[in-house]
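# Give me a 3D structure for the following:
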Amino acid sequence: MPDVARTSYAARLGAVVTVDDLFPLAATTPAPFEVAIGECFDTVTMPRHAALEVIDRLAWIRPHPVGAAVGRALTDEWVLILPPGSGYGMEWGQPADHCAEGVLVVPPRAAGPDDDLCWARAGNDEGRVFSAPIPLMCALLTQPAARRPHSAAVRTDPTPVRI
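Just a heads-up that it's a prediction; the model follows:
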């Protein structure tokens, strides 16, 4: 499994971490590759429609708190990238599924919207890869109950899996 650059993101205080910083292979590889979740980033997976609602709900904040997202066409969901350890002590409810361990299959930067796996968002308006977990969670919690369906595509099993 290819390895993520061991850059200390905490040491880059104030610097914007981009998709290319976190996943340097994405710029050069022609195929998806696996990266371990946990050491350099966490993830939160949700249905695409929920991710789009959250993005709209937080549109008034600058820079936008939602960073990069991997789109999965087959399951119609997005995987947002969070700072490592950011889910600690947080209760992520439906429709979000937080992962602090497991494997993320990362698409190449050249993947297009017709591919099953692509970059739905390459970052926020500053190119930042990480989404801000607290505004993201607050936006998810304020979704009307009628708009938060529980579907078969949303996992309830906490066992780490490949995303």
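# where are the low-confidence patches of the protein?
Applying pLDDT under 70 to the chain picks out residues 1-14, 143-163.
# need the strands for the protein, in chain order.
Using DSSP state E, the strands found in the chain span residues 33-37, 42-47, 69-72, 77-82, 97-99, 102-106, 117-121.
# For Cys138, find the nearest of the ones you listed.
For the strands of the chain, proximity to Cys138 was assessed by Cβ to Cβ; strand 42-47 is nearest, at 13.1 Å. Where C-beta positions appear, they are placed from N, C-alpha and C, glycine not excepted.
# Can you list the strands that that closest one pairs with?
Under the criterion DSSP bridges, strand 42-47 sits next to strand 77-82 (antiparallel), strand 97-99 (antiparallel) in its sheet.
# Go through those and pick out the most buried.
For the strands paired with strand 42-47, the largest average neighbour count (mean count of other Cβ atoms under 10 Å) is found in strand 77-82, namely a mean of 25.
# Let me know the angle separating that strand from strand 33-37.
Here strand 77-82 points in a direction 50 degrees away from that of strand 33-37 (axes from the mean of the first three to the mean of the last three Cα atoms, to 10 degrees).
# Off-centre distance for strand 77-82?
2 Å (Cα atoms, centre = their mean, to the nearest Å).
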